[in-house]
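Undergrad: Below is the sequence, then the predicted model.
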Protein chains: 2
Amino acid sequence: MARKQGAYADITGPKVRATALRLIAQHGYAAVSMRQIAAQVGVQVGALYNYTADKQTLLFDLMHAHMVALLAAARDLPQHDTPMARLEDFTRFHIRFHLPRADAVFVSYMELRNLSPENFAQIEALRRQYEGILEAILAEGEAQGDFAVADTRVTTMALIGLLTGLHDWYRRDGRLSITEIETMYWGLVRKAVTA
Amino acid sequence: MARKQGAYADITGPKVRATALRLIAQHGYAAVSMRQIAAQVGVQVGALYNYTADKQTLLFDLMHAHMVALLAAARDLPQHDTPMARLEDFTRFHIRFHLPRADAVFVSYMELRNLSPENFAQIEALRRQYEGILEAILAEGEAQGDFAVADTRVTTMALIGLLTGLHDWYRRDGRLSITEIETMYWGLVRKAVTA
DNA sequence: GTCTATAGCGGGATAGAC
DNA sequence: GTCTATCCCGCTATAGAC
């Protein structure tokens, strides 16, 4: 304790990422300065560069970590027999995973423009993998005659849009619980894919 | 011709707005400089300030013009007898109005964070008016027993999200025509509000 | 690992000539 | 209405002491 050098390595790193995520979600990547991040972390700006090569890499790491966590969790979903049961699981999972991570969702979506081309390609590939999970469920349901889906790709993107749009208006202190909203959204999804 | 002073007033103004809209959609408000805008318009940076008080006002004007045009067009929709017919009109109108205005849609949605509080309040009010049009249709359909909507507000926001999500993946040179997409989306909306 | 100090650049906005 | 020139500020990133 009381020494200033080398003591906080394990705590400063996560704090930098958490602070950057919050500030970027609030003001946008381009509008947030390394100075601002440093000030809220409680270090001088030079110290940040012990934890990231540069500002761009910091943004990429935040988005990458979010996408990797999302994919890992989505792959752990149970493999029910019926596409309908799997679609319900996916819908509820998507909402439950994303709602408590509003900042990461916002950043991962809004800051794509500010990634370098190489970094963008990586994030985009992860995003497509996630969409692929839903598309596979829809394709199987269509093949088995459980769903009536005009176009698998369009419906996939439409449903992702429907679910993701939730973040634009959901408020934690709102009138409805997560479970209530989840059930309403599942109702919309179910009807949308049914004949 | 050939004179440099006073000749281009009528042309520079629209050009400034068009250029700013395009650049801000592409890179984000904070990432675009007045110097960049001026360069693409073909004037020096000082000249921009004949057309806007400052950068913030320029952003606000772009968003405000978009919302006003949207509301004016939405209010011109025909007043069919049945809520179902009005919902179809609204759905198709929303898509047809927004798809050709990708830049304005993007900016109006992504740059809300960068508005001053007073400007934000104004844009937000216009946005709520637009949502109100859809909500009124849903409420009437529910009251008449044509629709089975669990919660009018939630369904309104969900459908807006569904329709707006279209911009995230639609490409003009894609496999499907606007009309085909429009019809698929109308199918999803129709089923979502039906019992 | 963190600090202080600074290099080097680009930002928004304005003044005054034409 | 546009230009040139400039003020003043804040930015990212690095160097070198501790």
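TA: Structure received. Residues are numbered from 1 along each chain as shown, chains lettered A, B, ... in the order given.
Undergrad: And the closest residue to residue A:119 other than its chain neighbours, how far from DNA strand C?
TA: Nearest residue to residue A:119, sequence neighbours excluded (CB to CB, 6 or more residues apart in numbering or on different chains): residue A:60, at 4.4 Å. Heads up, the C-betas are built off the backbone N, CA and C, glycines and all. Distance, residue A:60 to DNA strand C, by CB to the nearest atom of the strand, to the nearest Å: 20 Å.
Undergrad: my guess is residue A:60 contacts residue A:115, does it?
TA: Yes. With contact defined as CB atoms under 8 Å, residue A:60 counts as touching residue A:115 (6.2 Å).
Undergrad: Comparing the two, which shows the higher neighbour count?
TA: Counted by other CB atoms under 10 Å in any protein chain shown, residue A:60 and residue A:115 do not tie: residue A:60 has more neighbours, with 22 against 19.
Undergrad: any idea which element the more buried one lies in?
TA: helix A:55-75 (DSSP states H and E).
Undergrad: near chain B, anything from whatever helix or strand comes next after that helix?
TA: Scanning forward in sequence from helix A:55-75 by DSSP H and E, the next helix or strand is helix A:83-98. No. Against chain B, helix A:83-98 shows no contacts by CB under 8 Å from any CB of the partner chain, the least distance being 11.4 Å.
Undergrad: what about chain A, any weak spots by pLDDT?
TA: A:1-9 (pLDDT under 70).
Undergrad: how about a cut-off of 90?
TA: A:1-10, A:195 (pLDDT under 90).
Undergrad: okay, stretch A:158-166 in PDB with CA atoms only?
TA: Taking C-alpha atoms only, stretch A:158-166 is exported to PDB below (Å, rounded to 0.1, in the frame of the first residue of the first chain):
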ATOM      1  CA  ALA A 158     -35.900  -8.500 -39.700                       C
ATOM      2  CA  LEU A 159     -36.100 -10.400 -36.400                       C
ATOM      3  CA  ILE A 160     -32.600  -9.300 -35.300                       C
ATOM      4  CA  GLY A 161     -33.800  -5.800 -36.000                       C
ATOM      5  CA  LEU A 162     -37.000  -6.300 -34.100                       C
ATOM      6  CA  LEU A 163     -35.100  -7.600 -31.000                       C
ATOM      7  CA  THR A 164     -32.300  -5.100 -31.200                       C
ATOM      8  CA  GLY A 165     -34.700  -2.200 -31.500                       C
ATOM      9  CA  LEU A 166     -35.700  -3.000 -27.900                       C
END
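Undergrad: roughly how far apart are the residue nearest to residue A:148 when sequence neighbours are not counted and residue A:146?
TA: Sequence neighbours aside, residue A:195 is the residue nearest to residue A:148 in space, at 3.8 Å (criterion: CB to CB, 6+ apart). According to CB to CB, to the nearest Å, residue A:195 stands 9 Å off from residue A:146.
Undergrad: any idea of the angle the helix of greatest length in chain A forms with helix A:55-75?
TA: Using DSSP state H, we find that the single longest helix of chain A is helix A:117-143. Calculated by axes from the mean of the first three to the mean of the last three CA atoms, to 10 degrees, helix A:117-143 forms an angle of 20 degrees with helix A:55-75.
Undergrad: wait, does helix A:117-143 contact DNA strand D?
TA: No. Helix A:117-143 lies apart from DNA strand D when judged by CB under 7 Å from any atom of the strand; the minimum separation is 13.0 Å.
Undergrad: and the angle for that helix with helix A:83-98?
TA: Using the same axes, to 10 degrees: helix A:117-143 against helix A:83-98 is 150 degrees.
Undergrad: what about helix A:117-143, distance to the chain center?
TA: 13 Å (CA atoms, centre = their mean, to the nearest Å).
Undergrad: What residues sit buried inside it?
TA: Buried residues in helix A:117-143, defined by neighbour count with 16 or more other CB atoms under 10 Å in any protein chain shown: A:119, A:123, A:126-127, A:130-131, A:133-135, A:137-142.
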